[in-house]
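[1] structure for the following, please:
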Amino acid sequence: GVPGGEGDLIEFSPSVAGRYKLSLTYGGEEVPGSPLVYTVQEDRTPTVFGKGLTLGQVRDVALFKIDGRGLEGEPRVEVQGRTRTVLQEDKEETGLYIVKYIPEEVGHTAIHVFWNNTEIPGSPFQARICDSTAVKPMGGWEGVLDLDTGRMEMTVGEERLIT
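    As a prediction, the model looks like this:
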C-alpha cells in the first residue's frame, strides 16, 4: 500500500531508456489524467568544456560549450557578477549549446550550469577574469618591449617568462 493506507502502490522499473506511456484504468474505465507519458533517460549528465570556464578577459567574449546531445532536457546557465550572458543552441548540432559571456569586472566569477534545473557535477566552475590593459611595465623593461609600440605582446592564459 501507499503511505496513509489509501490505494495501492504500483512500481515499474524500466530497464531501457526511452519514452513510456502508462495507461491507468479502474473498473474498466480510464482514470482521469491517464495515460501518463514520461521519458526515462540514461543516468548521464551533459559535458561542459571550453576556455571560458576557467579564464576570461574584461570586456571580451568568453566562451564554453554544453554537450547534451542525446539527452532529454535543456540547460540553464548563471554567471555571477556583472556580465552579459547568451546561451544558444548550435544551429548545426541539436543538443550542443554555446555559452558566451562578457565579464565587466576583474576577479573570480562563479559559473553555475544546470540541466533540467539540476546543477551538474563540477558546477559551479570558477573563471579568473583579468584586464590585460591594466598591466603596464614600469622601468627596466626596454629589452622585452617592442621597439615600435613600446608594448609587450601577451595572451591571457599563456605563461610568459620575463628575464
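[2] from here on, contacts and neighbour counts on C-alpha atoms
    Will do.
[3] now for the worst-scoring helix or strand of the chain on mean pLDDT, which elements pack on it?
    Taking mean pLDDT, DSSP states H and E as the measure, the chain has strand 36-40 as its least confident helix or strand, at a mean of 74. Counting contacts by 3 or more CA pairs under 8 Å, 6 or more residues apart in numbering; DSSP states H and E, strand 36-40 packs against strand 18-22.
[4] what's the burial count for the residue lying closest to residue 25 once chain neighbours are set aside?
    Using CA to CA, 6 or more residues apart in numbering and skipping the chain neighbours, the partner closest in space to residue 25 is residue 31 (5.2 Å). By other CA atoms under 10 Å, 12 other residues sit near residue 31.
[5] you'd agree residue 31 is up against residue 22?
    No. Judged on CA atoms under 8 Å, residue 31 makes no contact with residue 22 at a distance of 11.1 Å.
[6] quickly list what the residue most central in space within the chain is bridged to.
    Geometric centre of the chain, nearest residue: residue 113, 3.7 Å, by CA atoms, centre = their mean. Taking DSSP bridges as the rule, residue 113 bridges to residue 77.
[7] separation between it and residue 119?
    For residue 113, the distance to residue 119 equals 6 Å [CA to CA, to the nearest Å].
[8] before we move on, what about residue 84?
    21 Å.
[9] for the least confident helix or strand of the chain, list every residue counted as buried.
    Across strand 36-40, burial judged by 16 or more other CA atoms under 10 Å covers no residue at all.
[10] tell me the angle of it relative to strand 18-22?
    160 degrees (axes from the mean of the first three to the mean of the last three CA atoms, to 10 degrees).
[11] list the contacts of strand 36-40.
    14, 16, 17, 18, 19, 20, 21, 22, 23, 72 (CA atoms under 8 Å, 6 or more residues apart in numbering).
[12] of these, buried ones?
    Among the contacts of strand 36-40, none counts as buried (16+ other CA under 10 Å).
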